[in-house]
Every structure is written in C-alpha cells, then in structure tokens.
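*Asks:* The following comprises the amino acid sequence and a computationally predicted model.
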There are 2 protein chains.
Amino acid sequence: MKRPTIADIASRAGVSKVAVSYALNGQPGVSEATRARIIAIADEIGWRPNSAARALNGARANCVGLALCRPARILGVEPFFMELISGIEGVLADRSYALLLQVVASHQQESEVYRHWWGESRIDGVFLVDLHYSDSRVTELERLGMPVVVIGHPSESGSLSAIWSEEGEAVRETVGYLVALGHRRIARVAGLPELVHTTVRDQAFAQACEGVAEHMIVHTDYTGEEGARATRRLLSSPDRPTAIVYDNDIMAVAGLSVAQEMRVEVPRDLSIVAWDDSPLAQVVRPPLTALTRDIPAYGAHAAQRLLALIAGQSVPPFEDQAAILTPRGSTGPAHTGA
Amino acid sequence: MKRPTIADIASRAGVSKVAVSYALNGQPGVSEATRARIIAIADEIGWRPNSAARALNGARANCVGLALCRPARILGVEPFFMELISGIEGVLADRSYALLLQVVASHQQESEVYRHWWGESRIDGVFLVDLHYSDSRVTELERLGMPVVVIGHPSESGSLSAIWSEEGEAVRETVGYLVALGHRRIARVAGLPELVHTTVRDQAFAQACEGVAEHMIVHTDYTGEEGARATRRLLSSPDRPTAIVYDNDIMAVAGLSVAQEMRVEVPRDLSIVAWDDSPLAQVVRPPLTALTRDIPAYGAHAAQRLLALIAGQSVPPFEDQAAILTPRGSTGPAHTGA
DNA sequence: TATGGAGGGTTATCCGGTTCAGAGAGGGAG
DNA sequence: CTCCCTCTCTGAACCGGATAACCCTCCATA
C-alpha cells in the first residue's frame, strides 16, 4: 500500500529518477517518446508528487491560510464567512491551492497560528480579516515578511496589501434613500465597535445624516439577541426612530421580530434595512431591504491578489465593488405619529 | 530572513544536528544540560520544525481534510457546516492538527481532491459528509486505505468508521409530541432525497405517523425558496396539514413567512418544527420549536475519532446524542376547521 | 577528417529533519 | 589493571523530489 515515488516509475521505465522528474514536469531533457512512456506509467500506478518533498526544495507549499477569530456561535450564523470562503476556494482550486483553516479564540492565538504555519513552511501566505484599530496582527505579519492580503480597510493595514469594499458610498445611498422616504430619525444597530469597518460605517452614517436626520448608533456583538435587545430599547424610547439600519441580517431579522412583537408595523411604522443580503433576508415577511454585495466575488478577488503576491508580483490596494441597496418590503415612507 | 534550521542551532550550540534533533524531540541521547542549552537557543531564534522535512520522513502531515460538495449559496446559509467545523477545529487545534478545506462542485471532484491530498501526503485522514446511497466516495476511500471518519449513517459507510446521530428517535419524539397536541395531518418538508439521512428521517417519519396521523413528504434542496414553495403548496391543498416539520431552519423560517402571508396563523392554524436549532430559529416570531443538537460537539467527536484512527487505534461506530425537541411558540394544539 | 552543437540522459548534491550504527569517555566490578 | 557497560554524542544514510553540471551520441558543417 506504499505510495509510488518517482524512483518506482524510474525503475519500471528503465531510466533514472531525473529523467522521470523532467518528464513529469514538462521540462526539456527527455525525448517525447520517453516522456510519454513515463507519463503513462505514472498514470497507471497513480503517482502524485509528494508535496512534502516538493516543499522541501524551496518550492511553494501550494497552500494559504485563514484563521478566524470569532466565537463559533457567530460564525455559524453569519453567512459572510462561508460565502467568503467559497469565493476564495473557487480561485484557489483552479490553481490547486489548498486552504488551511483554523478557528481561534484570540488575536494573540491567531498571530501564533500564523507564526507556526509560516515557520513550518505550511503556507505561502494568509488572509487577514476583521481588522482592528492598531491591530497587533498587522505588525506581526509585517515582521514575518509573509505574503498577506488584508480583507479590510487600507487605513489600518500598514504595509500589507488590502482589499476592501467602500462602505461610505453604501451608507450614503441608504441614508439618502431613507431620507427621501421622509425618515428624519434613523438608527444604526452596528456590530463590534473595535472593528475598523464598524467605525468607518459609523462615521459615514453620522456624516450622511448630518443636517438631514437625527441619528443614533448602538453597538452589538452581531448576535440576534443583542440585535433584538437594541431594537427593543430603540423602539421603547420616546423619540423612537422610524428607520433602523442593521449591520447584519441576523440582527435585522431579530429586529423585525421584536417590532412585530411590539406591534410596530413594518414598514408602516418602522423601516428596516439589513447590511449584507442573504436568502434569510428574503424569506421573512416583509422581505428585508438589504445592502447586497457579491461576497464570493469579494473572496475571489482577495484570493487572486494573494496568489499574485505569492508569485512575487506587487499588488496595489484594491477597492472592490460597494454594496448596492436592494429595496424590498421592509422599507417604506415614514409615517408620522403613532 | 531565512528561516532557522536545526543546523543553525547545531552550529550555535557547537553540537551536531543529531544532538539538536534529539534534544528538541525529547528523546534520550543528550544530557539534560545540553538539551536545555539547545532548547534555549531554539526558542531564542524562533525555530520551528519544517513540516515538509518532517513529513518526508514518513511522519504524519498533522493535517486532516474536509471537502464540501454543496453549492456555496447553501453553505453560506446553513449554520450546520460552520458549527461542525468549529467543533472539529476545537479538537484539532489542541493536537496542533490543521484542517484542509475545499469546496467542490461534484462528488467526482471530491474523490479527486481526496486522491490528490492523499497522494501528495498532504493529509493523514479525512471526514466524509453528506453520505449518499451507494456512494462512490466510500469505495474510493476504502481503496485508498486512508483513515476516514464518515459523518453519517453507518448503513452506507462500508468498512469506514461512522459517527452519526440517531435520527429515528428524534423523529418519533417530534411526531409523538405533535400527535399529543391533536395533530392528525402532519407534513415533512425534507432535504435532498439522495442523502442517506433524508431517507432515514423519511422512513422514521412515515413509520411514526403510521396509524396515528396522515403524513406527507415533500423533498427540496434545503433552500428557503424551495421551503417556501413547498409550504405554499401544502397550505393550498384541500386537506392541508396542521403541522409541518422542516429539515432545516432556513426552510422553517421561510415556511413561517409563507404561512403569515397566507393568513395561516402560527401556531393556531399551523404548527411548525425546525430540524436543527439556531439563533435564527429563536429570533423569529413566534420562535420556532426545534430539534436541538450540539453540532460543535458532534464535530468534536468526529475529530477525536479521526485522530484515533490516524494513531492506529480501531474506532467502533459511534452513535452520537440524538436531537432533542425544544418546544417554543411555533407549536400548539391542533385547531380543527378553518 | 576534425569540430561544434544539439538532443537525451546520467551522476552528484541539496532541501531539513529523523534514525541507525558506532565511537569515545567515564565508571563500576572482578 | 582489565573488561564491560552506560552515557553522550557524531557520521552517514535516508525520505522524495528538484537542479546544476557533465557525458555520450549522432549529425551537420568547415
């Protein structure tokens, strides 16, 4: 049951290991006849290059890494990462690159995982997600000198290549739309405040509302429970908002339920917008107006850039497509008075 | 920027490579004093064993694989896989095992991925999920002689070790509960009919209803759209069911929305049960009665078994905990007449 | 006929770590 | 004082490929 090596092929074909190596790698140095014979034998006995042996010769590991540092309960619920991964995979699979995945509990652990992977030559590069302000991972990765694509805002990515989607535009479009519908008190139920993109959205939101609508922001941990709690608080306040923009779909759905529970009719008394569209946003009643992004494409672009980096090309920062507002039943004209 | 090797450590410590190897692996053959000195140097210069070099000596790859063959849009929505993965990760991380992930488009491709990974010595074993009847992947993996843990029913896992949760019990509990509430026409909106566990549930469902309730089964592809369509059809039929059991939460939520849209009140006119609990099931109104399973634990058990297999131990089939019915607001006494 | 060069193949070496067979040194027993 | 054994450490081979350098043969050309 031993796996065949090029030595096995060589002895069968009656040539040296080197001839086999040349033949199988499409390099000159063997005749076409010999090459064909060797390839036939390799196919027949099901030979595959031992990745360890290849890697040992300074070759690439043909593998990139991704460590995720969010609690499992959130990872399971948010379609974002799975969609991102499937987009990344699409590109990697074409180049027979593999994706090494690890779920970690802290940024410290995450840095350690990167150090280990890199030190062990397991990976050729990594993706960095969920960027924080003065993120220690950035410094660490810069120090390692490893190819990295940061999936997040370039302002905090240091010297690492970043890919991000412009949040400001989407926020402005959303606020503009709500204001046009007559909304004058708009709330934003945001995600984790330490994430860069949360702050970016916060600022864009505040700025977009400036002068045209009152605004308020509540931070949560992305879970449905906190989304529900935030909604309950917002809707109980004397000057409750007539529109709420949620930072993910699970909170938006939770918010919708809370509204219905409190007899606040959507969209008559309250308009709801979800950031990031998903089947989930479409199956509830009313279907949610959402900020649609092609997340798999986002992942694919990131993967292309990482592979380019690994190939030694320089990769400029890349601004991916902004999210687009998809109006559905959960938003409507503002209704004044209860 | 070159990564340090044991040769570097050896020259610094003034000993041979071999002494370093022994020292760092805790093997006898060096004095404690030398060992301590070597370890100190290794720590100082941040040495890590090159995984490729290790693997080349017939050592384990310290890595296991998982190929997922469901379309991206479903992967993103279903919390199941992310939760499973995070459970698997928990165990792997403790043993510094990595998880190699790939999303593929077909079973054929999946088998190929396994062959490649195994042939290239990238992995020590794999998980097999979404078992089909007369699944070609089982034969293929048996042929390869690679350690495999099948996450699925043992009836179709051939000679491979299986881990599964007993679906029959959960189905019986659910049907019993609904019948006790007075339901006499119960429908099941099932997932992909080619999956073994779908059929297992189908049969258990039919059997449990036998003699106590009329039953009907509709198969879908797990998406919210098909769940909605199935629900619409069921609720439009002249002898519509008074209870529906869905095979995942996204379809259950979609079904709930359809019911509300059709002015079928839940739970007064229709009871709804979701298979697999999730935050999603809890945030909608009414919250969904669900079959709760600890999926991360399921994944963890699978990982433990795969590691045991890799270590050469024999692993008997393991029946994990069955799902438990968690009654919530979406189920209630059957209401006769419209 | 000597010369050059391309084509086809080989030998030797390396990658970084593991493992096996010894080789000295030191100590205890006879 | 010699013999033997243990402890500590080393040289060499090996894992499966990649690669540099060289060698032989055959053919065309001067």
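*Replies:* Great, that's in hand.

*Asks:* how near is A:A308 to B:G255?
*Replies:* When CB to CB, to the nearest Å is applied, the distance between A:A308 and B:G255 equals 45 Å. Yep, even glycine has a C-beta here, placed from its N, CA and C like the rest.

*Asks:* where does chain A come near DNA strand D, residue by residue?
*Replies:* Applying CB under 7 Å from any atom of the strand, we find that chain A lies next to DNA strand D at A:2-7, A:17-18, A:21-22, A:24-25, A:29, A:47-50, A:53-54, A:56-57, A:59.

*Asks:* Give me the more crowded residue out of A:A308 and B:G255.
*Replies:* Just comparing A:A308 and B:G255: by other CB atoms under 10 Å in any protein chain shown the higher neighbour count belongs to B:G255, 31 against 15.

*Asks:* The nearest residue to that one once chain neighbours are set aside: how many residues sit nearby?
*Replies:* What sits nearest to B:G255 in space, not counting adjacent residues and going by CB to CB, 6 or more residues apart in numbering or on different chains, is B:T231, at 4.0 Å. Taking other CB under 10 Å as the criterion, the count of residues near B:T231 is 30.

*Asks:* do the same with A:V18
*Replies:* 12.

*Asks:* Now look at whatever helix or strand it lives in and say if it contacts DNA strand C.
*Replies:* In the assignment (DSSP states H and E), A:V18 maps to helix A:17-24. Yes: against DNA strand C, helix A:17-24 shows contacts by CB under 7 Å from any atom of the strand at A:17-19, A:22.

*Asks:* List the buried residues in that helix.
*Replies:* Of the residues in helix A:17-24, those buried by neighbour count under the rule 16 or more other CB atoms under 10 Å in any protein chain shown are A:19-24.

*Asks:* Closest one to DNA strand D out of those residues, please.
*Replies:* DNA strand D has its nearest neighbour among these in A:S21, at 3.6 Å by CB to the nearest atom of the strand.

*Asks:* And the pLDDT at the closest one?
*Replies:* Here, the pLDDT recorded for A:S21 equals 93.

*Asks:* same deal with the one 10 residues further on?
*Replies:* In the predicted model, A:S31 carries a pLDDT score of 90.

*Asks:* again, but for A:T336
*Replies:* 64.

*Asks:* how about low-confidence regions in the stretch 51-200 of chain A?
*Replies:* Low-confidence segments of the stretch 51-200 of chain A, defined by pLDDT under 70, span residues A:72-73.

*Asks:* So which residues of it form helices?
*Replies:* All helices of the stretch 51-200 of chain A, identified by DSSP state H, counting those that start in this stretch, fall at A:51-56, A:72-77, A:79-94, A:107-119, A:136-144, A:167-180, A:196-209.

*Asks:* any idea how far the residue nearest to A:Q260 when sequence neighbours are not counted is from DNA strand C?
*Replies:* The spatial neighbour of A:Q260 that comes closest, neighbours along the chain excluded (CB to CB, 6+ apart), is B:R285 at 5.2 Å. Distance, B:R285 to DNA strand C, using CB to the nearest atom of the strand, to the nearest Å: 58 Å.

*Asks:* burial count for the closest residue to A:N50 other than its chain neighbours?
*Replies:* Nearest residue to A:N50 in three dimensions, chain neighbours excluded: B:S121, at 5.2 Å (CB to CB, 6+ apart). One way to gauge burial is a neighbour count; for B:S121, by other CB under 10 Å, it gives 22.
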